[in-house]
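Colleague: A structural model of the following input is requested.
(4 chains)
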There are 2 protein chains.
Amino acid sequence: MTGTVGRSARAQRLENVALELFATQGFDETTVDELAVAGGVGRRTFFRYFPTKLDVVLGELDDGLAALAAVLGAQPGDDPVAAARAAFLAVNHYAAAELPALRRRLGLIEDVPELAARATVRYRDWEQTLAADAARRWEVDAGSLRAQVFGRAVVAAMRAVFSAWHARPEADADALGALVAEAFDQLGRGFS
Amino acid sequence: MTGTVGRSARAQRLENVALELFATQGFDETTVDELAVAGGVGRRTFFRYFPTKLDVVLGELDDGLAALAAVLGAQPGDDPVAAARAAFLAVNHYAAAELPALRRRLGLIEDVPELAARATVRYRDWEQTLAADAARRWEVDAGSLRAQVFGRAVVAAMRAVFSAWHARPEADADALGALVAEAFDQLGRGFS
DNA sequence: ACCGTAAGCGGCACTCGGTGCCATCCGCCA
DNA sequence: TGGCGGATGGCACCGAGTGCCGCTTACGGT
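Modeller: Residues are numbered from 1 along each chain as shown, chains lettered A, B, ... in the order given. Have a look, this model is predicted:
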């Protein structure tokens, strides 16, 4: 409950050091002991800041979800696609300085299977948030197949977007927005 | 490389016993030692049959992928949605006797986060298979955003289908087929 | 200034999943 | 009968994660 901003300077330092080690040695090859030592902290304490080694990389995602939910709820209209598109464009607005860190994170998530796996667990909340929003606008049940397919398809599309963006080393923040827009066009239009 | 059928009687027995224990005690609450003892086998040997405790539950998925890829490739036409729909309907044709086991499996995957996580890693191959097929029919690049969004959205929709089917205890094999059809209609038509 | 308390810290020991190594056992073939 | 290869499983080990507990430190009240 430290709030969305704080996280104490310690956690921040720990995270930076950890990502640095992951980048140089690899995720699996870096033990928690090393992270603790490098962060100047006891192993036991490390686990108080991060419940899991994985959470060092994935921690941010939860903040993203909270932001998405807020923006999504504020969107007008009865078209979930338009609402979700606007919400994702609003939330994924990164400053140029943040892009390298984002790239590093995405890279890790992409090619460490363990991380990819855990990330998708987090995405389940996103899926349900999107499904609930769509259900509200369509005036159907949130558990209905249509709402559920929508929620999951949107998250799937966003994964594709980030993957495509990450694959092009020179892509900037605008490129990300363009990919988001294109993906939502696909979802709105249908694939047939 | 034991082939799609064999898996040796031992593995089969091990799997049955394990699923039984998972159902009664829970997945996390069952240790590999218990599985080995219950299966009348050494712990070390257990890990020769299943690289991971998770694989006891998820093993089947790979067979499904192979089947899907084969059927998908044989579909005619230039509409990936129609091809994927036909392939999924063909592959997911379960005999009534298999449904209880399927339910048990889905139940585990749904509410053991660890399993849900690993399952999605397996699905990545499905996504890429579907993306490649769509790319072929559309005559675009398999890495293109359109193909990637398609592949991932289809798998996402299928997850929604299985989830919805599992949520209704009385749903039979026909109901599963109906849900698949409905989901593909959504994907083909679009959500706007 | 002094003391009591609470919170953060971190060492220690333990559980459990997973792996490498190696001795053993069994069936099979010459 | 002797040997050979594959399957087995015991053993020791590693790394992640957890409960327990003693220690320090900072803070608030008198």
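Colleague: if I pick residue A:174, what's in contact with it?
Modeller: With contacts defined as C-beta atoms under 8 Å, 6 or more residues apart in numbering or on different chains, residue A:174 has no neighbours. C-beta here means a position set from N, CA and C on the backbone, and glycine is covered the same way.
Colleague: In terms of helices and strands, where is it?
Modeller: Counting by DSSP states H and E, the element that carries residue A:174 is helix A:173-189.
Colleague: Now do that helix: distance to the chain's middle.
Modeller: 16 Å (C-alpha atoms, centre = their mean, to the nearest Å).
Colleague: Mind listing what's buried along that helix?
Modeller: Under the neighbour-count criterion of 16 or more other C-beta atoms under 10 Å in any protein chain shown, helix A:173-189 has A:173, A:176-177, A:179-180, A:183-184, A:186-188 buried.
Colleague: In space, what's closest to residue A:117 - neighbours in sequence excluded?
Modeller: Counting by C-beta to C-beta, 6 or more residues apart in numbering or on different chains, residue A:117 lies nearest to residue B:117, which is 3.7 Å off, once chain neighbours are set aside.
Colleague: what's the offset of whichever strand or helix holds that neighbour from the middle of its chain?
Modeller: If you go by DSSP H and E, residue B:117 is part of helix B:113-138. Computed by C-alpha atoms, centre = their mean, the chain-centroid distance of helix B:113-138 equals 10 Å.
Colleague: so that helix versus helix A:113-138, what angle?
Modeller: The directions of helix B:113-138 and helix A:113-138 differ by 80 degrees, with axes from the mean of the first three to the mean of the last three C-alpha atoms, to 10 degrees as the criterion.
Colleague: Check which helices and strands helix B:113-138 sits against.
Modeller: Using 3 or more C-beta pairs under 8 Å, 6 or more residues apart in numbering or on different chains; DSSP states H and E, the elements in contact with helix B:113-138 are helix A:113-138, helix B:53-58, helix B:60-74, helix B:80-91, helix B:99-111, helix B:145-167.
Colleague: how does it look with 6 Å?
Modeller: Here helix B:113-138 touches helix A:113-138, helix B:53-58, helix B:60-74, helix B:99-111, helix B:145-167, going by 3 or more C-beta pairs under 6 Å, 6 or more residues apart in numbering or on different chains; DSSP states H and E.
Colleague: Output the contacting helices and strands for the third one.
Modeller: In this structure, helix B:60-74 packs against helix B:80-91, helix B:113-138, with contacts taken as 3+ C-beta pairs under 6 Å, 6+ apart.
Colleague: Turn these into TSV, including mean pLDDT and mean neighbour count.
Modeller: Output for those, formatted as TSV (pLDDT from 0 to 100; neighbours: other C-beta atoms under 10 Å in any protein chain shown):
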stretch	mean pLDDT	mean neighbour count
helix B:80-91	96	21
helix B:113-138	95	20
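Colleague: Save the helices and strands packed on helix B:113-138 as JSON lines, and put in distance to residue B:121 too.
Modeller: Formatted as JSON lines, the helices and strands packed on helix B:113-138 follow (distance: least, C-beta to C-beta, whole Å):
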{"stretch": "helix A:113-138", "distance to residue B:121": "5"}
{"stretch": "helix B:53-58", "distance to residue B:121": "9"}
{"stretch": "helix B:60-74", "distance to residue B:121": "10"}
{"stretch": "helix B:99-111", "distance to residue B:121": "12"}
{"stretch": "helix B:145-167", "distance to residue B:121": "12"}
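Colleague: right, and those - which one's nearest residue B:93?
Modeller: Of all those, it is helix B:60-74 that lies closest to residue B:93, at 10.3 Å by C-beta to C-beta.
Colleague: what sits up against that closest one?
Modeller: B:4, B:87, B:90-91, B:122, B:125-126, B:129, B:133 (C-beta atoms under 6 Å, 6 or more residues apart in numbering or on different chains).
Colleague: Might one say that residue A:171 is in contact with residue A:165?
Modeller: Yes: contact status for residue A:171 versus residue A:165: in contact at 5.2 Å, counting by C-beta atoms under 6 Å.
Colleague: Of these two, which one has the most company?
Modeller: When neighbours are counted by other C-beta atoms under 10 Å in any protein chain shown, residue A:165 comes out ahead of the other of residue A:171 and residue A:165, with 23 against 16.
Colleague: how much space between the more buried one and DNA strand D?
Modeller: 28 Å (C-beta to the nearest atom of the strand, to the nearest Å).
Colleague: I'd say the residue nearest to residue A:117 and residue A:122 touch.
Modeller: No: using C-beta under 6 Å, residue B:117 is not in contact with residue A:122; the gap is 9.6 Å.
Colleague: what angle do the helix holding residue B:117 and helix B:80-91 make?
Modeller: 130 degrees.
Colleague: Between helix B:99-111 and helix B:113-138, find me the angle.
Modeller: Using the same axes, to 10 degrees: helix B:113-138 against helix B:99-111 is 100 degrees.
Colleague: Specify the angle between helix B:113-138 and helix A:145-167 in degrees.
Modeller: The directions of helix B:113-138 and helix A:145-167 differ by 80 degrees, with the same axes, to 10 degrees as the criterion.
Colleague: Report the closest residue of chain A relative to DNA strand C.
Modeller: DNA strand C sits closest to residue A:42 of chain A, with a gap of 2.5 Å, by C-beta to the nearest atom of the strand.
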